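1. Quick one, structure for this:
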Amino acid sequence: MFAMISTQTPIARAGPCLQSAHMASDVGQLLQRAAAGERQAWDRLVERYARLVWSVARSFGLDDATANDVSQTVWLRLVEHCERIRDPERLAGWLATTTRREALRVLRGQRRQQPSEAIVNTPDRTSPQPDELLLDEELLRSVYRAFAGLPDRCQQLLRLLCAEPRLDYATISEIIDRPVGSIGPTRARCLDHLRRLIDSPTETGAHTSD
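-> Below you'll find the model as predicted:
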């Protein structure tokens, strides 16, 4: 009696350009509603972008508590500036850049307090979150060890490349302060290094610059 309903919406079938425009419109509406004080709109924005903010903060080697403080500050910055964000499609980049600035501010403060010590030294500093990798336990441990053996710049870059929502190369370039053209080749070298560390657990994985 009833026609079969497609599982794909018209937006999903329309292609990436229209999907992007639809998402920007949705984010723009959420920003407007959030600026008007609607709690549900704020909750949806935080739900959509929380992992991104967290990933950028952790990419600077911050421990969980400090990364959480940075994230809270970033959301406060959004509260202050949400009415001034004219291009909703760039919200992910704005949040990433704001997180970078706040993380660097925190790191500078830590350096002043601990001039002769490492800023952060926690076991979870560079390990991917367990729920992010659908791998068996033994391989998961191998990936943890290998990832921790990568140079800091590789750890940061791979975290940013895996962030959700996805960051464009221009934003990542600004965060890591490297040319856009270097990101692809560096990514390839870092992944190759990671594979070698996984295949050869005894390899030291010296922290050379990539």
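2. any idea how far residue 58 is from residue 109?
-> Applying Cβ to Cβ, to the nearest Å, the value for residue 109 to residue 58 is 18 Å. C-beta coordinates here come from the backbone N, C-alpha and C atoms, glycine included.
3. more neighbours, those two?
-> Legend: neighbour count by other Cβ atoms under 10 Å for residue 109 and residue 58, higher for residue 58 (27 against 11).
4. tell me the secondary structure for the more buried one?
-> Put simply, residue 58 is helix when judged by DSSP: H, G, I helix; E, B strand; the rest coil.
5. what residues are up against it?
-> 67, 159 (Cβ atoms under 8 Å, 6 or more residues apart in numbering).
6. got a pLDDT number for it?
-> Each residue has a pLDDT score; the one for residue 58 is 92.
7. just residue 98 next, same as before
-> 94.
8. Please tell me how far it sits from residue 173.
-> From residue 98 over to residue 173 (counting by Cβ to Cβ), the distance is 16 Å.
9. again, but for residue 53
-> Counting by Cβ to Cβ, the gap from residue 53 to residue 173 is 18 Å.
10. Kindly report the same for residue 73.
-> 23 Å.
11. got it, and residue 162?
-> 16 Å.
12. Of those two, give the one with the bigger neighbour count.
-> When residue 162 and residue 173 are compared on other Cβ under 10 Å, the one with more neighbours turns out to be residue 173, at 17 against 14.
13. Tell me who's in contact with the more buried one.
-> 179, 180, 183.
14. Apply 6 Å and report the result again.
-> residue 180 (Cβ atoms under 6 Å, 6 or more residues apart in numbering).
15. what helix or strand does it sit in?
-> Secondary structure assignment for residue 173, by DSSP states H and E: helix 169-176.
16. Mind listing what's buried along the one helix or strand residue 75 maps to?
-> Under DSSP H and E, the secondary-structure element containing residue 75 is helix 64-81. Across helix 64-81, burial judged by 16 or more other Cβ atoms under 10 Å covers 66, 67, 70, 71, 73, 74, 75, 77, 78.
17. Specify which member of those residues is nearest to residue 46.
-> Set against residue 46, the nearest of the buried residues of helix 64-81 by Cβ to Cβ is residue 75 (6.6 Å).
18. so how far is residue 184 from that closest one?
-> 32 Å.
19. Touching, residue 51 and residue 163? I think so.
-> No - checked against Cβ atoms under 6 Å, the pair residue 51 and residue 163 is beyond contact range at 7.1 Å.
20. higher neighbour count, these two?
-> residue 163 (23 against 15).
21. What ranges in this protein fall below the confidence cut-off?
-> Counting by pLDDT under 70, the chain shows low-confidence ranges at 1-25, 113-140, 201-210.
22. what's the domain layout of this protein?
-> Structural domains of the chain, as assigned by automatic domain parsing, span the residue ranges 17-120, 126-210.
23. Determine how far the longest one lies from the middle of the whole chain.
-> When you say that, I think you mean domain 17-120. 10 Å (Cα atoms, centre = their mean, to the nearest Å).
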